[in-house]
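Q: everything below, folded, please.
(chains A and B)
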Amino acid sequence: NAGVTQTPKFQVLKTGQSMTLQCAQDMNHNSMYWYRQDPGMGLRLIYYSASEGTTDKGEVPNGYNVSRLNKREFSLRLESAAPSQTSVYFCASSATGLLGHGTDTQYFGPGTRLTVL
Amino acid sequence: ELKVEQNPLFLSMQEGKNYTIYCNYSTTSDRLYWYRQDPGKSLESLFVLLSNGAVKQEGRLMASLDTKARLSTLHITAAVHDLSATYFCAVGPLNYGGSQGNLIFGKGTKLSVKP
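A: As a prediction, the model looks like this:
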């Protein structure tokens, strides 16, 4: 099993450009998440998908959109990149969002390092 | 406001010494996680604590949870250089958003173990 995979690993954009970060998991997990990590800020949730067909905003959703393409894939789109979106982006997945069903441990992908000039 | 506070944020230790990292959280929770992150790498799950008084140990690391005090600790015994990393705690608050799986992360404790 590959676990959680993300593409690309690195990306440099100019202000105003758009791009999509791809994430896929092969663990048959129901829930998927997108985080950004900035120095000294820990991880902040951008969007999540509790199950296939649903998506919801997290703590810092502005400037981003997401698509839960199917159970395996969850993409993050930057429509018009800004320098403030320079960050490391992590995708994660967990077995279920239902209380009492499993430990809900989140498994993380390798990350995408994005620089917006 | 939901808060997860770790301290210290930076910790420089000598090999062979013991130390504790603290994680305080501000809301009711039934799940607490500890993760490790090496520089430039992803996050790796270390422990999941699901009940008051839960204690988990793996090698030189031991985590515990006191839900009444809303406090978790990560104790390091006889530190070695390989433990140098950033350690995050994360709390799964009850009824947070639409998914019970959502987590709130602390800012992380950067641990440096020196010979």
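
Q: list the contacts for residue 53?
A: No chain in the question, so chain A it is. The contact partners of A:Gly53, by CB atoms under 8 Å, 6 or more residues apart in numbering or on different chains, come to A:Arg68. Where C-beta positions appear, they are placed from N, C-alpha and C, glycine not excepted.

Q: ah, no, chain B please
A: Per CB under 8 Å, 6+ apart, neighbours of B:Gly53: B:Ser64, B:Leu65, B:Asp66.

Q: that one and chain A, how far apart?
A: According to CB to the nearest CB, to the nearest Å, B:Gly53 stands 17 Å off from chain A.

Q: and A:Gly63, how many residues sit next to it?
A: Using other CB atoms under 10 Å in any protein chain shown, A:Gly63 has 14 neighbouring residues.

Q: do A:Gly3 as well
A: So A:Gly3, with other CB under 10 Å, has 14 neighbours.

Q: so which strand or helix has residue 91?
A: Going with chain A. strand A:87-94 (DSSP states H and E).

Q: oops, chain B please
A: Counting by DSSP H and E, B:Val91 is part of strand B:85-93.

Q: that strand: partners in the sheet, and parallel or antiparallel?
A: strand B:29-37 (antiparallel), strand B:104-105 (antiparallel), strand B:109-114 (antiparallel) (DSSP bridges).

Q: what is the neighbour count of the closest residue to B:Ala54 other than its chain neighbours?
A: Nearest non-adjacent residue to B:Ala54, counting by CB to CB, 6 or more residues apart in numbering or on different chains: B:Leu65, 4.7 Å away. When neighbours are counted by other CB under 10 Å, B:Leu65 registers 27.

Q: how about the residues of chain A by chain B?
A: Residues of chain A lying close to chain B by CB under 8 Å from any CB of the partner chain are A:31, A:33, A:40-45, A:48, A:50, A:54, A:56, A:58, A:90, A:92, A:94, A:96-99, A:103-111.

Q: can you turn the buried part of those residues into a ChimeraX selection?
A: When burial is assessed using 16 or more other CB atoms under 10 Å in any protein chain shown, the buried subset of the residues of chain A next to chain B is captured in ChimeraX by this command:
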select /A:31,33,42,43,44,45,48,50,58,90,92,94,96,97,103,104,105,106,107,108,109,110,111
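
Q: before we move on, back to that, mean neighbour count added to the strands paired with strand B:85-93, as JSON lines?
A: Formatted as JSON lines, the strands paired with strand B:85-93 follow (neighbours: other CB atoms under 10 Å in any protein chain shown):
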{"stretch": "strand B:29-37", "mean neighbour count": "22"}
{"stretch": "strand B:104-105", "mean neighbour count": "22"}
{"stretch": "strand B:109-114", "mean neighbour count": "17"}
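
Q: okay if I get the ones you listed as TSV plus mean pLDDT and distance to A:Phe10?
A: Below are the strands paired with strand B:85-93 laid out as TSV (pLDDT from 0 to 100; distance: least, CB to CB, whole Å):
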stretch	mean pLDDT	distance to A:Phe10
strand B:29-37	89	18
strand B:104-105	90	23
strand B:109-114	96	23
